[in-house]
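K.L.:
Just need the structure, nothing else, for what follows:
(chains A and B)
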Amino acid sequence: NAGVTQTPKFRILKIGQSMTLQCAQDMNHNYMYWYRQDPGMGLKLIYYSVGAGITDKGEVPNGYNVSRSTTEDFPLRLELAAPSQTSVYFCASSSSSATGELFFGEGSRLTVL
Amino acid sequence: AQKVTQAQTEISVVEKEDVTLDCVYETRDTTYYLFWYKQPPSGELVFLIRRNSFDEQNEISGRYSWNFQKSTSSFNFTITASQVVDSAVYFCALSEEAGRRALTFGSGTRLQVQP
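P.N.:
Have a look, this model is predicted:
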């Protein structure tokens, strides 16, 4: 029962470095999402995908890119990391049914110094 | 645009007290879903309940109960006889019926239950 798997769980980056957060789900869900959670705040939507080959911006997309080449994988790319991107990142997925429930990964804590 | 407001930033209670977490939402959709998630200190998000906009019946699950009132756009969460293990951040969220079907989250309420 893997569900939604995120790697890495923790990462420290220097300003200007780049990295990719990996997200994979084994539930054959069409919808996938990336959220960020800043300290003491709720989750904000960065990017989402409604199916393989289709991605779109959420509320806070600046500084990030995504791709969705397969149904299972939805990596999040950080280019030129900045301290403002220090956050906890959550990947989530949901099915095409109208139930609305999102299944979340365990989160990836990123610190940019 | 959708919005979820959790006005209570932090609540502290003593064990065995009842506590209610407030949630007010805004949406133009006629069909939508409301959620509560729990985030314990370990950081993961734990799904607690989903309620669709056509079902206003209150729900009880053990010590947890939820009061959904469309007239006031509220979806409040009550914990009866709170326990130390209930200490966590609780998020209310609103889902869109169509399109991207993303969740819009409130800012969360941190509940501390003191022994």
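K.L.:
check contacts around A:Arg77.
P.N.:
A:Arg77 sits next to A:18-21, A:64-67 when contact means Cβ atoms under 8 Å, 6 or more residues apart in numbering or on different chains. (Each C-beta comes from the backbone N, C-alpha and C, glycine too.)
K.L.:
Remind me which helix or strand it belongs to.
P.N.:
Here A:Arg77 sits within strand A:76-78, counting by DSSP states H and E.
K.L.:
next one: that strand to chain centre, how far?
P.N.:
When C-alpha coordinates are averaged (Cα atoms, centre = their mean, to the nearest Å), strand A:76-78 and its chain have centres 8 Å apart.
K.L.:
Specify the next element, helix or strand, located C-terminal of it.
P.N.:
Beyond strand A:76-78 toward the C-terminal end (DSSP H and E), the next one is strand A:87-94.
K.L.:
So which residues make contact with that next one?
P.N.:
For strand A:87-94, the surrounding residues in contact (Cβ under 8 Å, 6+ apart) are A:4, A:6, A:21, A:23, A:25, A:27, A:29-38, A:43, A:46, A:74, A:76, A:100-105, A:107-110, B:43, B:45, B:101, B:103.
K.L.:
ok, that strand: who's next to it in the sheet?
P.N.:
strand A:31-37 (antiparallel), strand A:103-104 (antiparallel), strand A:108-112 (antiparallel) (DSSP bridges).
K.L.:
quick one: contacts for the nearest residue to B:Val14 once chain neighbours are set aside?
P.N.:
Excluding its sequence neighbours, the residue lying closest to B:Val14 (Cβ to Cβ, 6 or more residues apart in numbering or on different chains) is B:Gln114, at 5.1 Å. Listed by Cβ under 8 Å, 6+ apart, the contact partners of B:Gln114 are B:12-15, B:84.
K.L.:
Just grab the bridge partners of the spatially most central residue of chain A for me.
P.N.:
Residue closest to the average C-alpha location in chain A (Cα atoms, centre = their mean): A:Trp34, at 3.0 Å. Beta bridges link A:Trp34 to A:Tyr47, A:Cys91, judged by DSSP bridges.
K.L.:
My guess is it contacts A:Asn65. True?
P.N.:
No: contact criterion Cβ atoms under 8 Å: A:Trp34 and A:Asn65 do not qualify, at 10.5 Å.
K.L.:
And stretch A:70-78, what's buried?
P.N.:
Within stretch A:70-78, the residues scored as buried using 16 or more other Cβ atoms under 10 Å in any protein chain shown are A:71-72, A:74-76, A:78.
K.L.:
Nearest to A:Arg11 among the contacts of A:Arg77?
P.N.:
A:Met19 (6.4 Å; Cβ to Cβ).
K.L.:
thought that closest one was touching A:Thr7?
P.N.:
No: with contacts counted by Cβ under 8 Å, A:Met19 stays clear of A:Thr7, the gap being 11.1 Å.
K.L.:
what's B:Arg110 in contact with, if anything?
P.N.:
When contacts are counted by Cβ under 8 Å, 6+ apart, B:Arg110 touches B:9-11, B:88-89.
K.L.:
tell me the SS of it?
P.N.:
Judged by DSSP: H, G, I helix; E, B strand; the rest coil, the three-state class of B:Arg110 is strand.
K.L.:
Could you report the separation of it from A:Ser84?
P.N.:
Using Cβ to Cβ, to the nearest Å, one obtains 23 Å as the distance from B:Arg110 to A:Ser84.
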